[in-house]
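Engineer: can't give you the sequence, but here's the structure:
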């Protein structure tokens with residue numbers, strides 16, 4: 001696979017940062033939620049965030065984030 005351009009690196013880094021912050025926020029909220037349905041929805045969201053983060057990490061590994069095209 002080709003290496004990422006600098007703008008692609010910036011975009012992927014931003015997406016990964018937002019996903020990480022959203023995941024952290026969801027994990028902080030989980031213990032204070034009493035509603036069972038809302039808690040299940042939050043748990044599903046946490047799993048989705050983890051899946052997206054893992055997918056982004058795999059893309060980074062496969063494409064070699066370290067290399068940047070000019």
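Structural biologist: On my side now, so go ahead. Computed from a predicted model, the values in this text were never measured in an experiment.

Engineer: tally of neighbours for residue 49?
Structural biologist: The burial count assigned to residue 49 is 20, neighbours taken as other CB atoms under 10 Å. C-betas here are computed from N, CA, C, even on glycine.

Engineer: which element is it on?
Structural biologist: helix 36-63 (DSSP states H and E).

Engineer: next one: that helix to chain centre, how far?
Structural biologist: Distance of helix 36-63 from the chain centroid (CA atoms, centre = their mean, to the nearest Å) equals 6 Å.

Engineer: below-threshold pLDDT in the protein: ranges please.
Structural biologist: Applying pLDDT under 70 to the chain flags the ranges 1, 64-70.

Engineer: again, only this time at 90
Structural biologist: Low-confidence segments of the chain (pLDDT under 90): 1-6, 8-9, 59-70.

Engineer: helix or strand: which one has residue 26?
Structural biologist: Using DSSP H and E, the element containing residue 26 is helix 6-29.

Engineer: returning to what we had before: the helix holding residue 49 - contacts with which helices or strands?
Structural biologist: helix 6-29 (3 or more CB pairs under 8 Å, 6 or more residues apart in numbering; DSSP states H and E).

Engineer: wait, residue 12 touches residue 56, no?
Structural biologist: Yes: if you go by CB atoms under 8 Å, residue 12 and residue 56 touch, sitting 6.5 Å apart.

Engineer: hmm, who's touching stretch 45-60?
Structural biologist: 12, 15-16, 19-20, 22-23, 26-27, 30 (CB atoms under 8 Å, 6 or more residues apart in numbering).

Engineer: report the buried members of these.
Structural biologist: Among the contacts of stretch 45-60, those classed as buried by neighbour count (16 or more other CB atoms under 10 Å) are 12, 16, 19, 22-23, 26.
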